[in-house]
Structures are given as C-alpha cells and as structure tokens.
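>>> let me see the structure of the following:
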Amino acid sequence: MADTATALRVTAQKLGDFTARAFHAVGIPVKDSTSIAELMVRADLQGSEGHGVFRLPQYIRRIKGGAVNVKPRIRVERETAGMALVNGDNGMGHLVMRFATEKAIEKARSAGVAWVGVKWSNHAGPASLYAGMPLEHDMVGLYLAVGNANHLPPWGGLDMLLSTNPIAVAVPAGEELPIVLDMATTVAAYGKVKTKAQRGETMPEGWMMDRQGRPLTDPKRANEGFLLPIGGYKGYGLALIFGLLAGTLNGAAMGRDVVDFNADDTTPTNTGHVIVAINVDAFQPVAEFKKSVDVLVRDLRKSERLPGVDRIRLPGEGSHAARADRLKNGIPLPAPLAASLNQLAGELKIGKL
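All right, here's what the predicted structure looks like:
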C-alpha cells in the first residue's frame, strides 16, 4: 500500500480521465481508451497498486514500441455451448479480458458453467478485476493467467521457466461482502517488487532469493535472483498447472516462450488467460446459496481467535475497505509515481495531473 500520509490524493475521475488521454494520445480509440482507464483505476481503487496506473508508463512504452495492437479485432475462434477460445489480436489485455469475461457470463446463463480461454492478449491488471465481474450476475468467477515475465524457476532449479501465474476466485454473498481471493503463486507478485523499487523501499525476507540461495531484500537487485513460490514445492506445482491451463491449452506463451514485458518494449507477448463463470442458479436458488455463504462468513468471523488477534478476516476485505476509502478521499499516488506520470504527460503533451 502507498504511504497515504505523504502521497498525493487524486480522484478516480481525474485519474481515469488522465489515463484515457494518455492511451488516446498513442493511437487507441477513445472508447477503448476509456474502457482500459476505467479498469486500471478500478485496480487502484481496490489497492492493487502494482497493477493500476503504476503500469501506465510501461504500457505506453510498449504501445509506442509496436508491441501492442492499438486497434485489435478481438474475436472468438472456437466455441461450444460451454466454452470459447478468444483471440485477442494482440490488443491491450484489459480490452481482451473484458470481452472474454462478458462472453463467459453470456454462455453461463444457458450452459450453467462457461470456460473461456484467451490467447494473443497482454498484461491485463489484477486477476480479481475479471473474477469479480460475474458477481454482478449472481455468478462465481474464476480467473487464471500466465504472468508477463518469468521470475520463478522449477522447484530446486535456477532457470526462470515459470511466472507468478495468478488465480482469483470471487463468490457472491447476501448481506455480507463477496469473498474475493486474488493471489499469485509466488509469495509476492512482481508488481510489488517494482513498486518497492520505485519508492526506494526494501522487501521483506521471504519474497526473493539470490542464485546462491540467500535472501534478497533490495528490489533494485531483483534481476540477481528469483521470486519464491507459496508453500514451497506446492506453489511451484500450482504455477505450472495454472500456466498449462491458461497458456498451453489456449496456444498462448508458456515456459521459455514467455516474453519479459518489463525489459522488452517491441515483442508481442501472446499472453494467455482463463475466465470461468459459474451460474449459481444452475446449482441451487441464488438466495439460498447467498444465505449459506453469509452463515459461513459469520461463523468464520466469530470463531475463536489466537491471543493478540483482533479479528478474523475474509479474502477481499482489504480491497473493499481500500475502495471505500479511496472513493471518498482519493487514490494515493506516492511522489515517485506522480512524478513519473507527470513526466509521461509532458512527453505525450496531454496535460499533467
């Protein structure tokens, strides 16, 4: 999280308008620019700072470098009643994944469950953006992706053949807040390493290791080591399986084929994703399901706590709280990020924040 005491606070509307202008300045149509900007600001609102407007200068560099198609023909290549394969035509990942998620929701209305795979996409922001979209339709959302750079070796190895390959699952509730799990298969997502580096902060031990097996805490030396998987070899196994499902199955990049979009501004990434929409009504009445989720949430929250623990939390609570605060008080932009965005504004001649 940003240091909100010293960070510049900007309204979601102002940040969204700025972001949309930036994308339009490099050739993306107004409608698409607005759509991408809205999703990026949504990421910042929920506290996913490594995947929000922080990424804007990088996205713009890749667009200017010719790595991204600014006017893609996003389309369905294969489909049955309960599945589809989407070709993103190398468009911005936010546009491709919004298209794919809407397709999954549409199919799940009749099929009950819909699995939509994606190829030829790009980085699309936090996983929960898309897992959360089916919630509005009383559906469970599940999202997988291949990360856009390899920072994880196979367990016991040194060759970077896997990425953070995230998963997000969103489950609707009734009176309680939805349960939204969003996590990388590594202890920390690489976006968090990048934000630490920009702010001049150190990383906690346990995020990264150098090639001699020693803890690495300086984010500016990240290229000297690798991220650590959650749960040891189990996290490695999850990263592998998620990559096979989101990448290999769709004909998208996986393993050695993954392009490091942090270092390469000219090569298309062929990023793969999966979005699954599960229509609750196909399994049981929605009201009954939501009531059951509410009961479970309350049981968990009221369960006995360890000494010193103030309360039991559920996945997604932090994001819900961040959104409420930031809608009211503005989105915090640390000074280095604000300076980076204003420098970009000068380059694009779009007016500073």
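>>> got any ranges where the chain has weak pLDDT?
Low-confidence segments of the chain, defined by pLDDT under 70: 1-6.
>>> ok, the residue lying farthest from the centre of it - contacts?
The outermost residue of the chain, judged against the average C-alpha position, is residue 307 (34.1 Å), by Cα atoms, centre = their mean. Listed by Cβ atoms under 8 Å, 6 or more residues apart in numbering, the contact set of residue 307 is empty. In short, each C-beta sits where N, CA and C put it, glycine included.
>>> secondary structure element for it?
Element membership for residue 307, per DSSP states H and E: none, as it lies in no helix or strand.
>>> cool, and residue 109?
Taking DSSP H and E as the definition, residue 109 sits inside helix 93-111.
>>> how about residues contacting that helix?
Outside helix 93-111, the residues that touch it by Cβ under 8 Å, 6+ apart are 32, 35-36, 39-40, 72, 74, 76, 79, 81-84, 86, 88, 114-116, 118, 120-125, 129-130, 133-134, 137, 139, 141, 271, 273, 275-279, 282.
>>> what about those residues, which are in strands?
With strands taken from DSSP state E, the overlap with the contacts of helix 93-111 comprises 76, 79, 83-84, 86, 114-116, 118, 120-121, 139, 141, 271, 273, 275-279.
>>> the residue nearest to residue 323 when sequence neighbours are not counted - how many residues pack around it?
Counting by Cβ to Cβ, 6 or more residues apart in numbering, residue 45 is the residue found nearest to residue 323 once chain neighbours are left out, at 4.8 Å. The number of residues packed near residue 45 is 20, by other Cβ atoms under 10 Å.
>>> just confirm residue 45 contacts residue 327, I think it does.
Yes. At 6.6 Å, residue 45 and residue 327 qualify as touching, with contact defined as Cβ atoms under 8 Å.
>>> overlap of the contact sets of the two?
By the contact definition Cβ under 8 Å, 6+ apart, residue 45 and residue 327 are jointly contacted by residue 12.
>>> buried residues, stretch 218-228. List them.
Buried positions in stretch 218-228, judged by neighbour count with 16 or more other Cβ atoms under 10 Å: 219, 222, 225-228.
>>> from these, pick the one nearest residue 157.
When the buried residues of stretch 218-228 are compared for distance to residue 157 (Cβ to Cβ), residue 226 wins out at 9.5 Å.
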